[in-house]
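1. got a sequence here, can you build the structure:
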Amino acid sequence: MKKFSKKLTYKNSGVDIQKADQLIATLSKQKSEKSKNILSDIGGFSSLYSVNLKKYKNPVIVCGTDGVGTKLKIANSLNQHNFIGQDLLAMCVNDVITCGADPVLFLDYLATSKINLKLHKKVLLGIKKACKAINVPLIGGETAEMPGFYKNNEYDLAGFCVGLVDKKNIFDNSKVKKGDVIIGVKSSGLHSNGYSLINKLLDNKILSLNKTYHGIQLGKALIKPTVIYSSLISKLKKEIKACAHITGGGITENVPRVLPENLTAFIRCNSWKRDKIFDIVQEKANLDDCEMLKTFNCGIGMVIIANKKNLKSILNKCKSLKSKVYQIGEITTYQGISVIYD
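-> Okay, here's the model as predicted:
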């Protein structure tokens, strides 16, 4: 049998299990109230959750998974990793709540070539902080160390959200009808979509993270975390007919996904004021309005469709939660396309 002059261990290969354990231990040390529905601690092979059958008499499990995409390149370039966890949670939770579900647990996946305790602690603690803020437990996850797969301090993130909804309370898109109002909920900026285009502008030196454009510091605007809309949607559940999370594909692609085939959304693009970051991107990328609307959220992070008689009540509830909303259009009939703009 051939003998090696030097022992080759897993650690020598680039995988440091002890360091990974140290990283996960930072989550366990964080004090947080454990939900009585959680039957396991972080660190096991699986995570256990007991459904409250008093609250959900006919429970339906709702699942969502997503990542942060190339916004991670911005975080790495700026060396700002505290809030990327909120982006991850938001992308998953905001999908799950569109059917009326309550997000009840979250799991994360972090992959990197080599664990950097200082950096990756910020990422994981950011996830846990965001979970705590909306009372959704981080019940488990996975950290994968893959030597040579990522460059320098690059890492990737994925999230998995599980929600619950009583079957009778699932939003019924079939109830959407002509004359219903369309309400847009303000975004905090680009959220976590369109960053492949942004990074192309940066790579080609058309934009610079360190520069200020039209009074906006670009790096600060691009790293701003995604809004989580769970509290708002929870408060409006009884009045919502349909709900669309405005992510990749923008308003153009996402609103039609929640409409019956014979109806369309008539949306007035001048009915809300979008942040300057969108003007900067449109100008530098030389995009027309149509291209902008199918690439970015353009200032609207969530769209709600409701009966017109409930409009005042919805606006008042949004105001009480300090959520900026706009009546951006109404449901109508139109042959040929699903969304039109005025």
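2. helices along the stretch 151-300 of the chain, start to end?
-> Assigned by DSSP state H, counting those that start in this stretch, the helices in the stretch 151-300 of the chain fall at 195-203, 218-223, 230-236, 250-254, 276-285, 289-293.
3. from the contact counts, what lies against the longest one?
-> If I follow you right, that is helix 276-285. helix 195-203, strand 212-213, strand 216-217, helix 218-223, helix 289-293 (3 or more Cβ pairs under 8 Å, 6 or more residues apart in numbering; DSSP states H and E). Yep, even glycine has a C-beta here, placed from its N, CA and C like the rest.
4. right, and the ones you listed - which one's nearest residue 283?
-> strand 212-213 (8.4 Å; Cβ to Cβ).
5. now that closest one: how far from the chain's centre is it?
-> 26 Å (Cα atoms, centre = their mean, to the nearest Å).
6. one step back: looking at the helices and strands packed on helix 276-285, which is buried most?
-> helix 218-223 (a mean of 20; mean count of other Cβ atoms under 10 Å).
7. give me the average confidence score over it.
-> Taken as a whole, helix 218-223 has a mean pLDDT of 97.
8. export that helix to CSV, keeping only CA atoms.
-> Below are the C-alpha coordinates for helix 218-223, written out as CSV (Å, rounded to 0.1, in the frame of the first residue of the first chain):
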residue,chain,number,x,y,z
LEU,A,218,-25.3,54.6,-4.7
GLY,A,219,-23.8,51.9,-2.4
LYS,A,220,-26.1,52.9,0.4
ALA,A,221,-29.2,52.7,-1.9
LEU,A,222,-28.2,49.4,-3.4
ILE,A,223,-27.6,47.6,-0.1
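9. strands of the stretch 1-150 of the chain, start to end?
-> For the stretch 1-150 of the chain, the strands defined by DSSP state E, counting those that start in this stretch cover 59-67, 102-112, 138-145.
10. partners of the longest one in the sheet?
-> Each strand that pairs with strand 102-112, with its direction, by DSSP bridges: strand 138-145 (parallel), strand 155-166 (antiparallel).
11. residue 48 is nearest to which of the helices of the stretch 151-300 of the chain?
-> helix 230-236 (22.7 Å).
12. for this structure, what's the longest helix?
-> helix 117-133 (DSSP state H).
13. show me what that helix is packed up against.
-> Looks like helix 117-133 contacts helix 17-29, helix 84-96, strand 102-112, strand 138-145, strand 155-166 (3+ Cβ pairs under 8 Å, 6+ apart).
14. between the shortest one and helix 84-96, how big is the angle?
-> Strand 138-145 and helix 84-96 meet at an angle of 120 degrees, taking axes from the mean of the first three to the mean of the last three Cα atoms, to 10 degrees as the criterion.
15. got the buried residues for strand 138-145?
-> 138, 139, 140, 141, 143, 145 (16 or more other Cβ atoms under 10 Å).
16. how about the helices of the stretch 151-300 of the chain in TSV, adding distance to residue 179?
-> Output for the helices of the stretch 151-300 of the chain, formatted as TSV (distance: least, Cβ to Cβ, whole Å):
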stretch	distance to residue 179
helix 195-203	36
helix 218-223	37
helix 230-236	19
helix 250-254	20
helix 276-285	30
helix 289-293	24
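17. which residues are in contact with the residue most central in space within the chain?
-> Nearest to the mean C-alpha position of the chain, counting by Cα atoms, centre = their mean, stands residue 91 at 1.5 Å. Applying Cβ atoms under 8 Å, 6 or more residues apart in numbering, we find residue 91 in contact with 66, 67, 68, 159, 191, 192, 226, 247.
18. bridged to the fourth one, which residues?
-> With DSSP bridges applied, the residues forming beta bridges to residue 159 are residue 66, residue 108.
19. pull the number of nearby residues for it.
-> 24 (other Cβ atoms under 10 Å).
20. who's in contact with it?
-> Per Cβ under 8 Å, 6+ apart, neighbours of residue 159: 65, 66, 67, 88, 89, 91, 92, 106, 107, 108, 109, 127.
21. okay, now the third one: neighbour count?
-> In this case it means residue 67. Going by other Cβ under 10 Å, the residues that sit close to residue 67 add up to 17.
22. isn't it right next to residue 156, touching?
-> Yes. Shown here, residue 67 and residue 156 form a contact pair, counting by Cβ atoms under 8 Å, at 7.0 Å.
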